[in-house]
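I'd like to go over a predicted model; first the sequence, then the structure.
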Amino acid sequence: MKVIWKQIDSGTLLLVSWDDIVADPSWLSDDRAST
C-alpha cells in the first residue's frame, strides 16, 4: 500500500494511505505531502 506523510501542523506528521487520499483529495490541498 502506498502511504504518505502529511504534515498537519508545525510539529505533527500523519501517515495517510493512498486510498484515503483518493477518497478525499483535500489531504493534498496544501501540497505539503510527499511520496
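Done, it's in.

okay, CA-based contacts and neighbour counts for the rest of this
Fine.

any idea which helix or strand carries the residue lying closest to residue 7 once chain neighbours are set aside?
Using C-alpha to C-alpha, 6 or more residues apart in numbering and skipping residues adjacent in sequence, the residue nearest residue 7 is residue 13, 4.5 Å away. Per DSSP states H and E, residue 13 falls inside strand 12-17.

Skip ahead from that strand and say which helix or strand is next.
Following strand 12-17 in sequence, per DSSP H and E, is helix 18-23.

so the residue nearest to residue 14 when sequence neighbours are not counted is in which element?
Here the nearest residue to residue 14 in space, its sequence neighbours aside, is residue 6; by C-alpha to C-alpha, 6+ apart that works out to 5.0 Å. Of the helices and strands defined by DSSP H and E, residue 6 is found in strand 3-9.

quick one: buried residues of that strand?
4, 6-7 (16 or more other C-alpha atoms under 10 Å).

Stretch 12-25 too?
Taking 16+ other C-alpha under 10 Å as the basis for neighbour counts, the residues of stretch 12-25 that come out buried are residue 18.

start to end distance for it?
19 Å (C-alpha to C-alpha, to the nearest Å).

how much distance is there from it to the middle of the chain?
Per C-alpha atoms, centre = their mean, to the nearest Å, the displacement of stretch 12-25 from the mean C-alpha position of its chain is 4 Å.

gap between the one residue sitting closest to the centre of the chain and residue 24?
Nearest to the mean C-alpha position of the chain, by C-alpha atoms, centre = their mean, lies residue 6 at 3.6 Å. Summarising the geometry, the distance separating residue 6 from residue 24, computed by C-alpha to C-alpha, is 13 Å.

who touches the strand holding residue 13?
By C-alpha atoms under 8 Å, 6 or more residues apart in numbering, the residues outside strand 12-17 that reach it are 1-8.

how does it look with 7 Å?
Residues external to strand 12-17 that are found in contact with it (C-alpha atoms under 7 Å, 6 or more residues apart in numbering): 2-8.

how much does it deviate in direction from strand 3-9?
With axes from the mean of the first three to the mean of the last three C-alpha atoms, to 10 degrees as the basis, strand 12-17 and strand 3-9 are set at 150 degrees to each other.
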